[in-house]
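*Asks:* Structure of the sequence below:
(one chain, ligands or ions: 1)
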Amino acid sequence: MDTVGREELIEALNMLLEAERAGARVGAALVHQAKGGAFEALAGVIHDDEVRWSRALFEALKAIGAEPSDKVGDFYDRTMAIGGLEDRLAFVNRGQGWVARKLRELTPRLEAGPLRTTLEEMLEAHVVNIDAANRALQAASPSDR
Ligand SMILES: [Fe+2]
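*Replies:* The predicted structure follows:
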């Protein structure tokens, strides 16, 4: 497996940053929408995590002397186009799966060090949250999932 070149790495980190930033905005909307309901805690976890990893990716780009993107991924608009809370959460979870796949491809190609450690933690956190969201969605509507 090839080591990731600098340009490819910056592109990948910025793509993930834009996705997580979109996720943070989606998370804020979900927190608002889920208030007082069964998915309130889950929405809070999603929001906090997206904010956390947006920051981590921003810092990671700075740490390698790269310019962090200031864009928000189109994931925000795509999620907001979905009306119902459960359908939105399911869509967000598929987005989280996409992020996990990207991280799974990227991390083995990085040299051992702080960046690889951060991205491995990000992958692990995404895997844990995807499972938690799937369980919460299943508990809410066991018949149709
Ligand atoms: Fe995420």
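*Asks:* List the buried residues in the longest helix belonging to the chain.
*Replies:* Under DSSP state H, the helix in the chain containing the largest number of residues is helix 6-34. Neighbour counts over helix 6-34 (16 or more other Cβ atoms under 10 Å) mark 9-10, 12-31, 33-34 as buried. The C-beta positions use only the backbone N, C-alpha and C, and glycine is treated the same way.
*Asks:* how about stretch 108-125, does it get close to the ion?
*Replies:* No: for a cut-off given as Cβ under 5 Å from the ion, stretch 108-125 has no contacts with the ion; the smallest distance is 7.9 Å.
*Asks:* residues in contact with stretch 121-136?
*Replies:* Residues from elsewhere that reach stretch 121-136 (Cβ atoms under 8 Å, 6 or more residues apart in numbering): 38-39, 42, 45-46, 49, 52-53, 56, 89, 92-93, 96-97, 99-100, 103-104, 107.
*Asks:* actually stretch 80-91, not the one I wrote
*Replies:* Contacts of stretch 80-91 from elsewhere in the structure, counted by Cβ under 8 Å, 6+ apart, are 26, 29-30, 33-34, 37, 39, 42-43, 46, 78-79, 133, 136-137, 140-141, 145.
*Asks:* which of those count as buried?
*Replies:* Among the contacts of stretch 80-91, those that count as buried by neighbour count (16+ other Cβ under 10 Å) are 26, 29-30, 33-34, 39, 42-43, 46, 79, 133, 136-137.
*Asks:* How far does the longest helix of the chain sit from its chain's centre?
*Replies:* Going by Cα atoms, centre = their mean, to the nearest Å, the spacing between the C-alpha centre of helix 6-34 and its chain's C-alpha centre is 6 Å.
*Asks:* next one: stretch 127-141
*Replies:* Centre-to-centre, stretch 127-141 and its host chain are 15 Å apart (Cα atoms, centre = their mean).
*Asks:* So which bits of the chain are right by the ion?
*Replies:* Proximity of the chain to the ion, by Cβ under 5 Å from the ion, involves residues 23, 99.
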